[in-house]
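S.K.: Okay, predicted coordinates and the sequence, questions at the end:
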Amino acid sequence: MPAEPLILSGKPVAKSLKQELQTRVTRLAERGVQPGLAAVLVGENPASQVYVASKERQARKLGLKSVVYKLPADTSQAQVLQLIEELNRDSSIHGILVQLPLPAQLDSDIILNSVDPDKDVDGFHPWNMGLLALGKPAFVPCTPAGILAILKHYGISTVGKHVVILGRSRIVGTPLALLLSRKSEHGNATVTICHSVTTDLAYHTRQADILIAAIGKPHMITAEMVKEGVVVVDVGINRVPDSEQEKGYRLVGDVNFAAVAPKTTAITPVPGGVGPMTITMLLANTITAAERLSGY
Ligand code: GUN
């Protein structure tokens, strides 16, 4: 019988990081600074509404000021840009987050570029992405930062490992590849990025020492696609219909957990793996922004 895999729960990682963050919030409060986070939510994407509500709740719990701007789905580009301009100038706001995806009439590149890079707590501004590519990150995107924190917490080294990432998004795949391949104690991996046009995906996934799935396709990764002893990080949070649930759906990852877990040495659960980390890293970035902007 193979040994049971280590379940890489994000909850204890998030809990211990939040304790450190609490200390930093208290220190800022002693200097009269309350970190402020503004979230801009355009339209009514149900998953985005849940994320933003959770961000607000957790920010407040930690003692941050949290403001959510809920704009109708038909908001114009000029209106969004004007709001961001006001938030850039507002000294009580240290972090600005524009929830993605945005409705089709909005150009997300122009909107993300309008956020002051010093308040870009999502790390999506080209300035921060550029620094990340140069190995000098200012703000690291939250999900990749959370994945690194999980690996570090559970003592999983990436040094010299072959990490295969599925997905090349601005939110996860691309920044994660930059982080894992940089010259650092928590990088130094050999990274392969697979995407929707990759041929023979299973060939690549079977090479992985660490497989990171961020594609948004429920249960796409099957047991045949991984090698024995792999570490799996599942970033997918997919809603699948389930009449037995009160909400009518349940959340599943990109990885078929039941089938794949027995072949792994460690695997993140969904929910409860990477999910709890993303908001924690957002709070961390907001506190860092408040410290920097207040000259701390
Ligand atoms: N949509 C999905 N994940 C994220 C994220 O980390 N930040 C923002 N702004 N939008 C998202």
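M.R.: Happy to help now that I have it. Values in this document were obtained by computation on a predicted structure and should not be read as measured data.
S.K.: Now for the residue in the stretch 1-150 of the chain that the ligand sits nearest to, how many residues are close by?
M.R.: Minimum separation of the stretch 1-150 of the chain from the ligand (CB to the nearest ligand atom) falls at residue 100, amounting to 3.8 Å. (Glycine included, C-beta is placed from N, CA and C.) A total of 17 residues lie near residue 100 under the criterion other CB atoms under 10 Å.
S.K.: hey, where'd the strands end up in the stretch 151-296 of the chain?
M.R.: All strands of the stretch 151-296 of the chain, identified by DSSP state E, counting those that start in this stretch, fall at 162-166, 190-194, 210-213, 230-234, 238-241, 249-252, 264-267.
S.K.: tell me what the first one is packed against?
M.R.: In this case it means strand 162-166. On a contact count with 3 or more CB pairs under 8 Å, 6 or more residues apart in numbering; DSSP states H and E, strand 162-166 meets helix 173-181, strand 190-194, helix 201-206, strand 210-213.
S.K.: Doesn't residue 110 lie inside a helix?
M.R.: Yes - counting by DSSP: H, G, I helix; E, B strand; the rest coil, residue 110 is part of a helix.
S.K.: Now for it: which residues touch it?
M.R.: Under the criterion of CB atoms under 8 Å, 6 or more residues apart in numbering, the neighbours of residue 110 are 77, 81.
S.K.: Check what pLDDT it gets.
M.R.: Residue 110 is assigned a predicted lDDT (pLDDT) of 98.
S.K.: same question, residue 295
M.R.: 89.
S.K.: Near the ligand, which residues of the stretch 51-200 of the chain are found?
M.R.: Counting by CB under 6 Å from any ligand atom, the residues of the stretch 51-200 of the chain close to the ligand are 97-100, 122, 142-143, 171.
S.K.: Make JSON lines from the strands of the stretch 151-296 of the chain and add distance to residue 155, mean neighbour count and mean pLDDT to it.
M.R.: Shown next, in JSON lines, are these (distance: least, CB to CB, whole Å; neighbours: other CB atoms under 10 Å; pLDDT from 0 to 100):
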{"stretch": "strand 162-166", "distance to residue 155": "16", "mean neighbour count": "24", "mean pLDDT": "99"}
{"stretch": "strand 190-194", "distance to residue 155": "20", "mean neighbour count": "18", "mean pLDDT": "98"}
{"stretch": "strand 210-213", "distance to residue 155": "13", "mean neighbour count": "28", "mean pLDDT": "99"}
{"stretch": "strand 230-234", "distance to residue 155": "11", "mean neighbour count": "25", "mean pLDDT": "98"}
{"stretch": "strand 238-241", "distance to residue 155": "29", "mean neighbour count": "13", "mean pLDDT": "96"}
{"stretch": "strand 249-252", "distance to residue 155": "27", "mean neighbour count": "16", "mean pLDDT": "96"}
{"stretch": "strand 264-267", "distance to residue 155": "10", "mean neighbour count": "22", "mean pLDDT": "98"}
